[in-house]
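> Compute the structure for the input listed below.
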Amino acid sequence: MTFPTRVLRGLGEIAHSYDAFILDLWGCLHDGIAVYPAALDCLHRLQAAGKKSIILSNAPRRAREVAARIAEMGIGPDLYAGLYCSGEETWRAITANEIPALRDRGKRVHAIMAARDRAMVDDAGLVEARPEEADYVLAIGIETGSETVAQFEPDLRVALKRGLPLICANPDLVVHRGGVEEICAGSIAQRYAEMGGDVTWFGKPYPAVYRRILGDFALKPERVLCVGDSLRTDVAGGRGIGAGTLFTVGGIHHAEILVDNRIELARLAALCRKLGETPDHAIAHLAW
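This next block holds a predicted model:
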């Protein structure tokens with residue numbers, strides 16, 4: 001059977017087929033340190049074509065912080081119609097008391113996070129506590145980038161014994177910062193789930209944030225292209241709402257699929273079979 005994914009040389013080949021583009025950040029528009037010049041060019045081209053670029057990131061922090069950071073990289077607010085992130089969705093749900101697992105629980109939280117992510121706790125009026133005293137666990141991120149999941153297991157065992165729910169503000173498992181892999185909150189939350197813990201997830205690929213975007217911009221899913229470097233979040237999330245999908249291979253899966261910076265189709269097909277997600281389109285790196 002012919003592999004159904006179409007490999008593109010540039011987004012310009014299919015841009016006319018869509019009205020809006022839901023774009024990932026890390027591994028798609030930047031590498032955690034600097035913007036990809038060709039991806040930035042795509043944003044300018046989409047803008048010139050009258051298309052809507054909407055950023056959807058699993059960044060575990062407030063949207064205003066994400067906007068400020070990418071502006072420093074050169075992705076100004078004039079280049080996108082909206083910015084959504086898993087951290088903002090988490091904060092919104094906590095402050096609005098919309099999370100069933102947190103009903104009748106207090107504001108003492110064992111926060112797994114970097115110091116730079118304090119706004120997630122402070123803005124929600126939460127009080128940090130050890131897992132022995134917390135009402136729940138909030139997995140946001142890590143401090144140095146060199147941490148391992150095993151380092152968090154002692155606290156997770158305490159939380160599990162006490163029956164604490166865990167709220168995950170970033171479902172991503174790993175990310176590459178300047179080419180170096182580090183774990184994300186999703187890896188910690190996944191381990192807690194494997195241990196038998198109760199986990200609530202926010203962000204991609206879960207449908208709530210996609211529904212918000214479609215509603216905010218009155219978009220038809222079939223006229224939307226979801227673009228990103230993760231099969232399990234970007235592609236799965238796009239497919240889940242009936243949108244088109246474009247897999248940017250040069251992100252977290254680059255070592256598995258790219259050979260001399262070109263897509264090796266057999267490797268791509270093997271990864272799709274392994275993860276159970278097949279994108280409509282694939283491109284080595286986002287470019288026009």
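> Low-confidence bits of the stretch 1-150 of the chain, can you list those?
1 (pLDDT under 70).
> As a check, name the ranges of all strands in it.
Ranges of strands in the stretch 1-150 of the chain, per DSSP state E, counting those that start in this stretch, are 6-7, 20-23, 52-57, 82-85, 108-112, 127-128, 136-139.
> Do you have the helices of the stretch 101-250 of the chain handy? List them.
For the stretch 101-250 of the chain, the helices defined by DSSP state H, counting those that start in this stretch occupy 118-122, 153-161, 185-194, 207-217, 236-240.
> Nearest to Asp135, out of those helices?
Among the helices of the stretch 101-250 of the chain, helix 153-161 comes nearest to Asp135, with 10.5 Å by C-beta to C-beta. Yep, even glycine has a C-beta here, placed from its N, CA and C like the rest.
> tell me the mean pLDDT over the closest one?
Throughout helix 153-161, pLDDT has a mean value of 98.
> List of residues touching that helix?
Helix 153-161 is contacted from outside by 110, 112, 130-132, 134, 137, 166, 188, 191-192, 195-197, using C-beta atoms under 8 Å, 6 or more residues apart in numbering.
> And stretch 97-106, by the same measure?
With contacts defined as C-beta under 8 Å, 6+ apart, stretch 97-106 is touched by 92-94, 135-136, 165, 167, 198, 200.
> Can you redo the residues you listed as CSV, where the extra columns are distance to Glu277 and neighbour count?
Shown next, in CSV, are these (distance: C-beta to C-beta, whole Å; neighbours: other C-beta atoms under 10 Å):
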residue, distance to Glu277, neighbour count
Arg92, 27, 16
Ala93, 26, 18
Ile94, 29, 24
Asp135, 35, 18
Tyr136, 30, 27
Pro165, 27, 19
Ile167, 25, 24
Asp198, 25, 16
Thr200, 22, 18
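> ok, these vs Gly125, which is closest?
Once C-beta to C-beta is applied, the member of these that ends up nearest Gly125 is Ile94, at 9.2 Å.
> ok, now how distant is the closest one from Gly82?
Going from Ile94 to Gly82 by C-beta to C-beta, to the nearest Å gives 21 Å.
> likewise Ala114?
Ala114 sits at a distance of 26 Å from Gly82 (criterion: C-beta to C-beta).
> again with Phe152
Distance, Phe152 to Gly82, using C-beta to C-beta: 33 Å.
> Between these two, tell me which one has more neighbours.
Between Phe152 and Gly82, Phe152 has the larger neighbour count (other C-beta atoms under 10 Å), namely 21 against 17.
> Next up, the contacts around the nearest residue to the more buried one once chain neighbours are set aside.
Counting by C-beta to C-beta, 6 or more residues apart in numbering, the nearest residue to Phe152 once its immediate chain neighbours are dropped is Ile188, at 5.3 Å. Ile188 is in contact with 112, 139, 149, 152, 156, 168, counting by C-beta under 8 Å, 6+ apart.
> Show me which of those is closest to Ala255.
Proximity of the contacts of Ile188 to Ala255 (C-beta to C-beta) peaks at Val149, which lies at 20.2 Å.
> That closest one contacts Ile183, doesn't it?
Yes. With contacts counted by C-beta atoms under 8 Å, Val149 reaches Ile183, the gap being 6.2 Å.
> With neighbour numbers in mind, choose between these two.
Set Val149 next to Ile183 and count neighbours by other C-beta under 10 Å: Ile183 wins out with 22 against 16.
> Check the spacing between Arg45 and Arg162 real quick.
52 Å.
> typo on my end, Val227
With C-beta to C-beta as the criterion, Val227 and Arg162 are 41 Å apart.
> Who has more neighbours out of the two?
Between Val227 and Arg162, Val227 has the larger neighbour count (other C-beta under 10 Å), namely 28 against 14.
> Could you double-check that that one lies in contact with Leu25?
No. With contact defined as C-beta under 8 Å, Val227 does not count as touching Leu25 (10.5 Å).
> Could you give the bridge partners of the nearest residue to Arg6 once chain neighbours are set aside?
Among residues not flanking Arg6 along the chain, His281 sits closest, at 5.1 Å (C-beta to C-beta, 6+ apart). When bridges are called by DSSP bridges, His281 pairs up with Arg6, Leu246.
> what does Leu56 give?
With DSSP bridges as the rule, Leu56 is bridged to Tyr84.
> Can you report how many residues neighbour it?
Leu56: 28 neighbours (other C-beta under 10 Å).
> any idea how far stretch 98-117 is from the chain center?
On the basis of C-alpha atoms, centre = their mean, to the nearest Å, stretch 98-117 sits 19 Å off its chain's mean C-alpha point.
> All set, thanks.
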